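A.B. asks: What shape does this take:
(one chain, ligands or ions: 2)
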Amino acid sequence: MVSAATRKSLLQARVMDFLTSTAVLPLLFGCVGVFSLLKLLQWLRMKAYIRDAVVVITGATSGLGRECARVFYAAGAKLVLCGRNAKALEELTEELAASQAAKVQTHRPCSVTFDLSDPGCIVGAAAEILRCFGHVDVLINNAGVGYRGTVIDTSTDVDRRVMEINYFGPVALTKALLPSMVRRRQGHVVAISSIQGRISIPFRSAYAASKHATQAFFDCLRAELEQCDIEVTVISPGYIHTNLSLNAITASGARYGVTDKTTAEGRSPVEVAQDVLAAVGKRKKDVVLAGLAPSLAVYLRALAPSLFFRLMAARARKEQKPKHC
Ligand SMILES: NC(=O)C1=CN([C@@H]2O[C@H](COP(=O)(O)OP(=O)(O)OC[C@H]3O[C@@H](n4cnc5c(N)ncnc54)[C@H](OP(=O)(O)O)[C@@H]3O)[C@@H](O)[C@H]2O)C=CC1
Ligand SMILES: CCCCCCCCCCCCCCCC(=O)OCC(=O)COP(=O)(O)O
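C.D. replies: Ligands and ions are numbered 1, 2, ... in the order given. As a prediction, the model looks like this:
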């Protein structure tokens, strides 16, 4: 009678015999080696792509934009920081210029102040951006505004304002910078969308609409400009712990002024900025940076829309009693 322990050691001996007497072990080591080498090459390529690249970041004064500024700066990018608040941009520039954390050569950022909701200033802002370092390698359309309200109570002025900041502004800036990218046959346009660019949740009509439009526009752009070697990346995050809900526009046009629990419990903007850096470095075309439930909700919307609509209606009923019906 052979004991279980003996059977186990006999089996182990046979496996070792098999591995050493055949080519399996060298093959295994070979595969791991090749995989590690490929990963290392990808990492070096990613670093080289960002180092010394001219990277424009809109909405650099707060939240994800500010963290993107920090991680791209530390990676050696030449930054053009954009925002509405000149003082906040200046403070960020000084903070970055004084930081010692980068392991590569860094460059003093340049800043350009303008309001994305003012169509009249975009062309001038793009010219100023181009004057900073002579060209643009990566444009990160990050600036955006949140929204809270019912469709019925929201004036179309508010709908337009959200669309202007989240959609028309980034589209106009992209169009103003594209000719110089196309001339150089080099450039990368990034759109920070949202998981709400894929699914619409109640009381976010204007925001979800602006992000769906963003996804659609930049998907078209990617297809049209592939032949000119222009890269397009759409990034769709879930909740991030920033000022987005605090600064959200409400149905009346007033500021919402509350940091929602969902936002407060969202991912750290530092981590999301690192994911943005990796997505850009790897030239990803489309990235969802959300947890399991929102990611599943995207599939549910596509595969079982009726069920998704029922879930959203239940969510709306739970959140707010209807005043109008
Ligand atoms: N936080 C979240 O849960 C999520 C955020 N996102 C997206 O991430 C992006 C960044 O937002 P986040 O960092 O979270 O929010 P913040 O409110 O912290 O930052 C928004 C930035 O956009 C700028 N901005 C707002 N309006 C304008 C305007 N009219 N012209 C120019 N700049 C403007 C703000 O500048 P100022 O300081 O002058 O107001 C600020 O720098 C947005 O596109 C948002 O939709 C996507 C998914 C989830
Ligand atoms: C097969 C099982 C499927 C289970 C599906 C569950 C459905 C759950 C719905 C989840 C909805 C998540 C919404 C996420 C919204 C989000 O992350 O938005 C990001 C933002 O842009 C936040 O902006 P806001 O202004 O809304 O704070």
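
A.B. asks: Just give me the longest helix of this protein.
C.D. replies: In terms of residue count, the longest helix belonging to the chain (DSSP state H) is helix 24-50.

A.B. asks: Average pLDDT for that helix, rounded please.
C.D. replies: For helix 24-50, mean pLDDT is 86.

A.B. asks: List the buried residues for that helix?
C.D. replies: 46, 49, 50 (16 or more other Cβ atoms under 10 Å). For the C-beta atoms, the positions are set from N, CA and C on the backbone; glycine is no exception.

A.B. asks: now swap in stretch 292-301 and tell me
C.D. replies: Under 16+ other Cβ under 10 Å, the buried positions of stretch 292-301 are 294, 295, 297, 298, 300, 301.

A.B. asks: Now flag whichever of those residues is closest to residue 282.
C.D. replies: residue 295 (19.2 Å; Cβ to Cβ).

A.B. asks: what about the closest one, which helix or strand?
C.D. replies: helix 292-303 (DSSP states H and E).

A.B. asks: Identify all contacting residues around that helix.
C.D. replies: With contact meaning Cβ atoms under 8 Å, 6 or more residues apart in numbering, helix 292-303 is reached by 195, 198, 199, 238, 288, 307, 308, 311.

A.B. asks: From the contact counts, what lies against the longest helix of the chain?
C.D. replies: Applying 3 or more Cβ pairs under 8 Å, 6 or more residues apart in numbering; DSSP states H and E, one finds that helix 24-50 contacts helix 4-21, helix 269-281.

A.B. asks: tell me how far whichever helix or strand comes after the helix holding residue 295 is from the chain's mean position?
C.D. replies: As assigned by DSSP H and E, the chain's next helix or strand after helix 292-303 is helix 305-319. Distance, stretch centre to chain centre, for helix 305-319: 27 Å (Cα atoms, centre = their mean, to the nearest Å).

A.B. asks: In helix 305-319, which residues are buried?
C.D. replies: Neighbour count says helix 305-319 has 308, 312 buried, by 16+ other Cβ under 10 Å.

A.B. asks: anything in it near ligand 2?
C.D. replies: Yes: using Cβ under 6 Å from any ligand atom, we find that helix 305-319 touches ligand 2 at residue 311.

A.B. asks: In CSV, list the C-alpha atoms belonging to whatever helix or strand residue 126 lives in.
C.D. replies: Assigned by DSSP H and E, residue 126 belongs to helix 122-133. Output in CSV follows, covering the C-alpha atoms of helix 122-133 (Å, rounded to 0.1, in the frame of the first residue of the first chain):
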residue,chain,number,x,y,z
ILE,A,122,-10.4,79.6,-28.7
VAL,A,123,-8.5,80.4,-31.9
GLY,A,124,-6.5,83.1,-30.1
ALA,A,125,-5.8,80.6,-27.2
ALA,A,126,-4.7,77.9,-29.6
ALA,A,127,-2.2,80.4,-31.2
GLU,A,128,-0.9,81.3,-27.8
ILE,A,129,-0.5,77.6,-27.0
LEU,A,130,1.4,77.0,-30.2
ARG,A,131,3.7,79.9,-29.4
CYS,A,132,4.8,78.3,-26.0
PHE,A,133,7.0,75.5,-27.5
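
A.B. asks: From the contact counts, what lies against the one helix or strand residue 112 maps to?
C.D. replies: Per DSSP H and E: residue 112 is located in strand 110-113. Packing contacts for strand 110-113, counted by 3+ Cβ pairs under 8 Å, 6+ apart, involve strand 78-83, helix 86-98, helix 122-133.

A.B. asks: Please work out which residues outside that strand touch it.
C.D. replies: 60, 78-86, 89-90, 92-93, 125, 128-129, 132-133.

A.B. asks: ok, now with 7 Å
C.D. replies: For strand 110-113, the external contacting residues (Cβ atoms under 7 Å, 6 or more residues apart in numbering) are 80-84, 86, 89-90, 93, 125, 128-129, 132-133.

A.B. asks: show me what contacts the nearest residue to residue 74 once chain neighbours are set aside?
C.D. replies: Distances taken as Cβ to Cβ, 6 or more residues apart in numbering place residue 102 nearest to residue 74, at 4.5 Å, with adjacent residues excluded. Residue 102 sits next to 73, 74, 76 when contact means Cβ under 7 Å, 6+ apart.

A.B. asks: What of residue 308?
C.D. replies: So residue 308 contacts 297, 300, 301 (Cβ under 7 Å, 6+ apart).

A.B. asks: give me that answer again for 8 Å
C.D. replies: 199, 297, 300, 301.

A.B. asks: Can you tell me the element residue 234 falls in?
C.D. replies: strand 230-237.

A.B. asks: and the angle for that strand with helix 292-303?
C.D. replies: Put simply, strand 230-237 runs at 110 degrees to helix 292-303, going by axes from the mean of the first three to the mean of the last three Cα atoms, to 10 degrees.

A.B. asks: Please list the outside residues in contact with the helix or strand following strand 230-237.
C.D. replies: Later in the chain than strand 230-237, the nearest helix or strand by DSSP H and E is strand 249-250. By Cβ under 8 Å, 6+ apart, the surrounding residues in contact with strand 249-250 are 145, 146, 147, 148, 149, 158, 161, 162, 206, 255, 256.
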